[in-house]
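Trainee: Would you be able to build a 3D model of this:
(one chain, ligands or ions: 1)
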Amino acid sequence: MAADQPTVLVVEDEAAQREVLTYNLEAEGFRVTRAENGEEALVLIDEESPDIIVLDWMLPNVSGIEVCRQIKTRPETRSVPIIMLSARSEEVDRVRGLETGADDYVVKPYSVIELMARVRAQLRRARPAAAGLRLEYEDIVLDSETHRVTRNSKALKLGPTEFRLLTTFMEKPGRVWSREQLLDRVWGRDIYVDTRTVDVHIGRLRKALCQHGGNDPLRTVRGAGYALG
Ligand code: CA
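Mentor: Next up is the predicted model:
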């Protein structure tokens, strides 16, 4: 499985619903991580850094609305798209869901095909490279389909790890990534790699980005990690 496979967090208390969602999302090529309740969801969002969240409104204890509100209040998680699922079809509920910060709202019983289309649409916005789009940052252009990178219109030679690192940075310019988050995203969670390896590849990426001159666009954030710009 590709390390940069998008991760979907499914938050649903009913096991059968959770299974259906997981089955269909995995069939679409996503990595799925699951929570049975709101508390678990809030822990998993920090541990797994999902790219998108499918969140049921009706959950025991902490409701989906409250989970959504908390995720959208925190700067670290605010940009993660949330698709809210609800059996409540009333217009007022839909509005309430979207006002809490949900990016989309789907009424149960939903069509799986429609839900998958909505997941992909949200993901295109949040993770353009995973959707095969072109990314630009200042004079750097990355084509995720052809795996070509140019800077100031000159082709750059990049190793596969450096390419994935750059993709991660270019999807969210300005975001600070910790070494652990970069390991998860670029190397994958199942592989044991020392965090110092990240530093080595960051060094290579910096060199590659400056191979035809230009300034170093990567910033080391002391005690936190790395950011682009
Ligand atoms: Ca439920």
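
Trainee: quick one: the strands in the chain?
Mentor: Here the chain has its strands, by DSSP state E, at 7-11, 31-35, 52-56, 82-86, 104-107, 134-137, 140-143, 148-151, 154-155, 218-221, 225-228.

Trainee: close to the ion, is the fourth one?
Mentor: Spelled out, it's strand 82-86. No: if you take Cβ under 5 Å from the ion as the test, strand 82-86 misses the ion, and the best it gets is 8.0 Å. Placement of C-beta: from N, CA and C, glycine included.

Trainee: Go ahead and produce PDB holding the CA coordinates of stretch 14-28.
Mentor: Taking Å, rounded to 0.1, in the frame of the first residue of the first chain, the C-alpha atoms of stretch 14-28 are listed here in PDB:
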ATOM      1  CA  GLU A  14     -23.100   1.100  14.900                       C
ATOM      2  CA  ALA A  15     -20.800  -1.800  13.900                       C
ATOM      3  CA  ALA A  16     -22.700  -2.800  10.800                       C
ATOM      4  CA  GLN A  17     -22.600   0.800   9.400                       C
ATOM      5  CA  ARG A  18     -18.900   1.100  10.300                       C
ATOM      6  CA  GLU A  19     -18.200  -2.100   8.300                       C
ATOM      7  CA  VAL A  20     -20.200  -1.000   5.200                       C
ATOM      8  CA  LEU A  21     -18.300   2.300   5.200                       C
ATOM      9  CA  THR A  22     -14.900   0.700   5.800                       C
ATOM     10  CA  TYR A  23     -15.500  -1.900   3.000                       C
ATOM     11  CA  ASN A  24     -16.500   0.800   0.500                       C
ATOM     12  CA  LEU A  25     -13.800   3.300   1.400                       C
ATOM     13  CA  GLU A  26     -11.100   0.600   1.200                       C
ATOM     14  CA  ALA A  27     -12.500  -0.500  -2.200                       C
ATOM     15  CA  GLU A  28     -12.000   3.100  -3.300                       C
END
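
Trainee: So which residue is dead centre in this structure?
Mentor: residue 51 (2.3 Å; Cα atoms, centre = their mean).

Trainee: what pLDDT does the closest residue to it other than its chain neighbours get?
Mentor: Sequence neighbours aside, residue 6 is the residue nearest to residue 51 in space, at 4.4 Å (criterion: Cβ to Cβ, 6 or more residues apart in numbering). pLDDT, residue 6: 87.

Trainee: Assess the claim that residue 6 and residue 123 are in contact.
Mentor: Yes: the pair residue 6 and residue 123 passes the contact test of Cβ atoms under 8 Å, sitting 5.7 Å apart.

Trainee: between these two, what contacts are shared?
Mentor: Common contacts of residue 6 and residue 123 (Cβ atoms under 8 Å, 6 or more residues apart in numbering): 51-52, 130.

Trainee: Among these, show me the least confident.
Mentor: residue 130 (70).

Trainee: wait, what's in contact with that residue?
Mentor: Counting by Cβ under 8 Å, 6+ apart, residue 130 has contacts 4-6, 51, 123, 144.

Trainee: Select from those residues every entry located in helices.
Mentor: Using DSSP state H, the members of the contacts of residue 130 that fall in helices are residue 123.

Trainee: Just give me the closest of the contacts of residue 130 to residue 162.
Mentor: Using Cβ to Cβ, residue 4 is the member of the contacts of residue 130 that lies nearest residue 162, at 13.0 Å.

Trainee: Pipe the contacts of residue 130 into TSV and attach distance to residue 96 per row.
Mentor: Below are the contacts of residue 130 laid out as TSV (distance: Cβ to Cβ, whole Å):
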residue	distance to residue 96
4	35
5	33
6	28
51	25
123	24
144	36
